[in-house]
Each structure stands twice: as C-alpha cells, then as structure tokens.
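K.L.:
Whatever this is, show me its structure:
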Amino acid sequence: MKTLIVGGVAGGASCAARLRRLDEKREIVILERGGYVSFANCGLPYYVGEEIKDGSLLTLQSPESFRDRFRIEVRLHSEVIAVEPETKTVLVRKLPEGIEYREQYDRLVLSPGAKPILPNIPGTECKGVFTLRSIPDSVAIKTYIAEKKPASAVVVGGGYIGLEMAENLKKMGLAVSVVERAAHLLPPLDGDMAADVHRYAKDKGLRLYLGNSLEKIEDAEAGLRLTLSQGTLETELVILAVGVRPDTGFLASSGIHLAPGGSIAVDRHMETNIPGIYAVGDGARIRSFLSGEFAFLPLAGPANKQGRIAADNLCGIPSEYKGTMGSSVLKLFDMTVAATGLNEEAAKKAGFDYHKTYGYFASHAKYYPNASMMSVKVLWDKKSLRILGGQIVGFDGVDKRMDVLATAIRLGGKVTDLAELELCYAPPFGSAKDPLNMIGFIGENVATGKLKQFFPEEVASLPRDGSVTLLDTRTRTEFDRGSIPGFMNIPLDELRENLHLIPAGKPVYVHCHSGFRSYIACRILTGNGYDCYNLAGGWRLYESVMNDRDAVPYLCTRDK
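P.N.:
Below you'll find the predicted structure:
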C-alpha cells in the first residue's frame, strides 16, 4: 500500500507520522513544493524580529529525520501540478529544473496549505513589498532590512500575522503603521473588545489606519508611496498580510469537489468526493463546531488534528473531525488577546438568539503584587444557556482562562456551568472566585432574572426626558474625571439614604466602573420596588468604545 501526501507542513507531516505509527509496512511519500518540511510558520514573525535568532529551530523535522525515524520518503522542491484520479497518479514538477514525472499512489492525502492573498491593485511587485508565509519569505524580509535599513514600515492587514509583524518591526526600531480595511483590528473580536487593543497599540507607537483600504503602491523618492482610500503614506517597507486563500489551483481538472473560494470539500472523515483521496489543513473546507456552517479557518492546531484523523481512517480506524471553534491567541507587546467560538457577527449569521456577558477582572488576587486587569466577554444561547464564544483582552492569565473556556465550549458547557468550575487557586495565580466563575455568576443572574442588562451601544438612545432615571454609582472623584451625559451621581454607599432622589415607578438605568457596584445598586433598588437595568461592562467599557469611536485616524503624507 502506497500513500502519497501532497504538502509536508502541519497537516501533511502530522498525517505521515501517524500513518507510520499505525502501519509499519505502508510506503509513505511526502511531496513538498518548498525547501522545508514540517516547519513552524507561526513563528516566522518572531524570526524576522529576531526574538527567535536561530532559524533552524523553526524546522521541526527534516527529510533525514523523517527517513531515519519513520522510514518516510520526503521529496523537497517537488510541486504537484495535477491529480489524475482515474489512473491514481499525480503529475509532479521537480524544481527548479522543471522536469515533470508521474507518481502512482494507492491512497492520496492533500495538504496543500494556503497562499497569501495579494490585493488586486497596482504595485504589489515593487521592491520592498513582501508577504510572509514561508521561511524563504522571512529570510527575504530580514535580508532587505539588513541591507536597506528602512526607518519605516506599513503593514497592510490587522489580523494576527499583521499585528505580530507590526510588533516585531516596531521592536526593531522602525516607525510602523497598520492599514486595515475593516473598522477594527482582529476579525475574531467584536468592535467593543477591539477598542482596548486599539488604545494599547497606539500607546505602543503603532499608527492605525482603520476603515481604510490600500488602493495602489508605487515607487517614490523615499521608497514607496501607498494610496489609501483615505489619504496617502510614504514608507520604505510594506508587508502585505491581508489574509490567505487555499492553494488548490492544481486540482481544477481533477474532479475533486472544490467549495466556493477554492477549499477542498471533505466529509467528517476528511475524505473528498473521490474515495481514497483525503484533504487536511488550510486547504480543506471544515464546519464550525458551533454553527455547523462551512468555514475556512486556517489554524495550525486543527490542521494537525485533521492529519491524524485522516491517517486513522486510511488505516481503517473510524475517526471524525467534529468541527473547528477558531480558538486563537495573540501576543501584542505585553498584551494578550484571545478568542474562541463565535463572535456577535457570526452568532447573528448562524441565527442564534444570544445573551452577552462582560466582566473586568484581576489576573490574580489583587493583594498579591503585579495583578493586571483583563476584559472578558462571553456569548451564550438564551434558551439552552450553551456557551457560544468568548473573547478576552488583557495581560497576565488571559490564555489559561481562554483555554478553560474553549474546553467548556467543546464539552457543551452552559454559562451557568462556569460558576461551578473548581479551578486552581493561590494568590500568585488567581482568585478564589476566578474570572470565569464570576462570568458564570453574572450569567446565572441574567438567566434567572436577577439581573437585567443594557449595553454601551444603547446608551445614546436612552431617554433624557425624565421618563427614566439614569444613575451613576461611582464615587464623586470617579464621576468628576468623566461621566455619561444625563446620568446623575449617587455613590453606591450613599444610595440607601438617597432613594428619595430616585422617582418611583420609573425604570432606572445604572452604571459604575465595571458593572459590579452597579449590580449591587440594582439589587438595592430592586429590593425597594424599582425596575433596574445594569450597564454591562460599566463605564470602563463604554468609555473605551466611545474613545475608540471618536478617535481621529492618522492621516499623513510621510510615515517616518
């Protein structure tokens, strides 16, 4: 039995190793177009920025190690240019010679990965314009920086790779701008959670051009001139990080079904419409674990799992891929941004009727030194209480909370289940009531009617005609530093003595800094016969969103 694997990075390499562990006698051949196999492309921005100084550390396996340990043949610089299922052969072009030959197979695994999207605009071929997807890409960028010593750079695309590149270029001393067509950075986040990221990125010296698309690149006296939908920039280095698409053009005449966008249609066993041909990784179409909708989510973790599942099925072991949640995490200087599951846009598109719960919590016990704050948002289904997704922005401890949340979602957890989690606690690591416990308590209060919420996007539409009472329960010092127009200030600890100032029979909309004190105020008011609503996320979230909305984008003619 001979199995060919097209592509030797995450999914393909994982499939090959699992196949050998399950079947000692099978002939396994990996055909890899590039010059490296099983390399960590997620580490490339850090190699460019010299956080990782030894590029060889990015290569997890080599042709020699595959041969010596697994007796797997790896052929580098071998580009598969056609698949011919009727004869069970693939057409291979040997690079750089261009020699073509056919290779026979009994079973075939496609792991072609994805390729960077190049904007359909003039100038992408200019010197100083790069994409980042492979080790040679990173070497080319490093060489350019070493030789040209650019003082400035523009990163086009505000996703994970774009921001990782922006951070590393900034640390190298370049003036860095980020151009993003969408209204906010990081597509997995909602705009309200991205607001904190925007403020922090600007504080670290990144210039953000949001809601702004790149229309043209041309050579200029100082290097490159970028024409945007709003304004122009001049710079010396451009990184295009606008996304990737499945690298599946070679399958056009194969009879293998391709979905819109070019991803390979597979079933839950990772098998294509042609028996004996499987597809894994960034080139394969998968389903969302939560919505069941087809999706394209190019992530390393799912790719490795899919490779393992394909290998199981090739060896007669029934195995299914149950969908991707999109769990992801980003380091941006000292900030950590993490997300899993559905954001609001995706939840609406999938037809969920959902609640959203916010919190602002310390990473560990506040009395222990160096606690930092994190902003947490969780979506959950109103009827079933099932958790649909989460987003966390903060510093210390973000990743471990998101991993717990991702696990709860995978196991079908409800928001109320978070209240019952027994998580590790000691003052340096957490709190007796962990942030996820607190989200569970809030969710439980909402689900049982003890807490009614309103949200920052609803504040502007609240009546200011006296038909409702708008109440700020922060201290007077906090109130004096900034307040929402129309809200009266009665500090929480003075509320009971001042109930006569709050008209009876009218709804009361309350807020504090984070939503905790105002929840206590709501319980006091409810106990005294008032109909009370609490501002989810409090003044902190509202101010962050409004500050972000009101910020004037940078517009300049020279980015230096």
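
K.L.:
And the helices in the stretch 351-500 of the chain, which stretches?
P.N.:
Assignment of helices within the stretch 351-500 of the chain using DSSP state H, counting those that start in this stretch yields the ranges 398-410, 435-447, 476-481.

K.L.:
In JSON lines: those, plus distance to Ala40, mean pLDDT and mean neighbour count.
P.N.:
Backbone N, C-alpha and C define where each C-beta goes, glycine included. Shown next, in JSON lines, are the helices of the stretch 351-500 of the chain (distance: least, Cβ to Cβ, whole Å; pLDDT from 0 to 100; neighbours: other Cβ atoms under 10 Å):
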{"stretch": "helix 398-410", "distance to Ala40": "18", "mean pLDDT": "98", "mean neighbour count": "20"}
{"stretch": "helix 435-447", "distance to Ala40": "30", "mean pLDDT": "97", "mean neighbour count": "23"}
{"stretch": "helix 476-481", "distance to Ala40": "46", "mean pLDDT": "96", "mean neighbour count": "12"}
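
K.L.:
Could you dump the ones you listed into CSV with distance to Arg245 added?
P.N.:
Output for the helices of the stretch 351-500 of the chain, formatted as CSV (distance: least, Cβ to Cβ, whole Å):
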stretch, distance to Arg245
helix 398-410, 26
helix 435-447, 36
helix 476-481, 48
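
K.L.:
The ones you listed: which one's closest to Arg517?
P.N.:
Closest approach to Arg517 among the helices of the stretch 351-500 of the chain is made by helix 476-481 (10.1 Å; Cβ to Cβ).

K.L.:
So what's the gap between that closest one and the chain middle?
P.N.:
36 Å (Cα atoms, centre = their mean, to the nearest Å).

K.L.:
Can you tell me what sits against it?
P.N.:
472, 489, 491, 513, 539 (Cβ atoms under 8 Å, 6 or more residues apart in numbering).

K.L.:
Most neighbours among those residues, which one?
P.N.:
Tallying neighbours with other Cβ atoms under 10 Å puts Asp472 at the head of these, with 27 neighbours.

K.L.:
List the residues that contact the closest residue to it other than its chain neighbours.
P.N.:
The spatial neighbour of Asp472 that comes closest, neighbours along the chain excluded (Cβ to Cβ, 6 or more residues apart in numbering), is Phe487 at 4.3 Å. Contacts for Phe487 (Cβ under 8 Å, 6+ apart) come out as 470-472, 511.

K.L.:
same check, this time on Pro112
P.N.:
Taking Cβ under 8 Å, 6+ apart, one finds 6-7, 80, 246-248, 250, 281-283 in contact with Pro112.

K.L.:
low-scoring stretches of the chain, by residue?
P.N.:
Scanning the chain with the threshold set as pLDDT under 70 gives 550-560.

K.L.:
for it, what spans make up the helices?
P.N.:
10-22, 44-48, 63-65, 135-148, 160-171, 191-203, 300-314, 344-349, 398-410, 435-447, 476-481, 516-527, 538-550 (DSSP state H).

K.L.:
Pro503 is nearest to which of these?
P.N.:
helix 516-527 (11.7 Å).

K.L.:
Out of the contacts of Pro112, give me the one that has the most neighbours.
P.N.:
Ranking the contacts of Pro112 using other Cβ under 10 Å puts Gly281 first, with 32 neighbours.

K.L.:
does that residue really touch Gly8, like I thought?
P.N.:
No - Gly281 is beyond contact range of Gly8, at 10.7 Å (criterion: Cβ atoms under 8 Å).

K.L.:
what do the two both touch?
P.N.:
Ser111.

K.L.:
just to revisit the earlier point, okay, and which of the contacts of helix 476-481 map to strands?
P.N.:
Members of those lying in strands (criterion: DSSP state E): 472, 489.

K.L.:
Any chance of JSON lines for the contacts of helix 476-481, columns distance to Lys170?
P.N.:
Output for the contacts of helix 476-481, formatted as JSON lines (distance: Cβ to Cβ, whole Å):
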{"residue": "Asp472", "distance to Lys170": "38"}
{"residue": "Asn489", "distance to Lys170": "40"}
{"residue": "Pro491", "distance to Lys170": "42"}
{"residue": "His513", "distance to Lys170": "31"}
{"residue": "Trp539", "distance to Lys170": "31"}
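
K.L.:
which one of the contacts of helix 476-481 is nearest Met374?
P.N.:
Nearest to Met374 among those, with distances taken as Cβ to Cβ, is His513, at 14.8 Å.

K.L.:
contacting residues around the closest one?
P.N.:
Contacts of His513 by Cβ under 8 Å, 6+ apart are 360, 474, 478, 538-540.

K.L.:
any idea which of the residues you listed is the one closest to Val178?
P.N.:
Proximity of the contacts of His513 to Val178 (Cβ to Cβ) peaks at Arg540, which lies at 24.5 Å.

K.L.:
residue contacts, that closest one?
P.N.:
360, 375, 513-514.

K.L.:
Could you work out the most separated pair of the residues you listed?
P.N.:
It's Ser375 and His513 that sit farthest apart of these, by Cβ to Cβ, at 12.3 Å.

K.L.:
Name all residues that make contact with Ile5.
P.N.:
Per Cβ under 8 Å, 6+ apart, neighbours of Ile5: 12, 15-16, 28-31, 108-109, 111.

K.L.:
Distance of it relative to Glu457?
P.N.:
Using Cβ to Cβ, to the nearest Å, Ile5 is found at 49 Å from Glu457.

K.L.:
Also Lys356?
P.N.:
Applying Cβ to Cβ to Lys356 and Glu457 gives a distance of 11 Å.

K.L.:
Likewise for Leu388?
P.N.:
Counting by Cβ to Cβ, the gap from Leu388 to Glu457 is 19 Å.

K.L.:
list the contacts for the nearest residue to Ser483 once chain neighbours are set aside?
P.N.:
Spatially, and ignoring its direct neighbours in sequence, Ser483 is nearest to Asp472 (5.9 Å; Cβ to Cβ, 6+ apart). Shown in contact with Asp472 (Cβ under 8 Å, 6+ apart): 479, 483-484, 487-490, 510-512, 539.

K.L.:
is it true that Met11 touches Ala300?
P.N.:
Wrong residue type there; residue 11 is Gly, not Met. No - counting by Cβ under 8 Å, Gly11 does not reach Ala300; the two are 9.0 Å apart.

K.L.:
which one of these two has more residues nearby?
P.N.:
Taking neighbours as other Cβ under 10 Å, Gly11 and Ala300 compare with Gly11 leading, 33 against 17.

K.L.:
ok, the more buried one to Ile28 distance?
P.N.:
Taking Cβ to Cβ, one finds Gly11 at 14 Å from Ile28.

K.L.:
Many thanks, have a good one.
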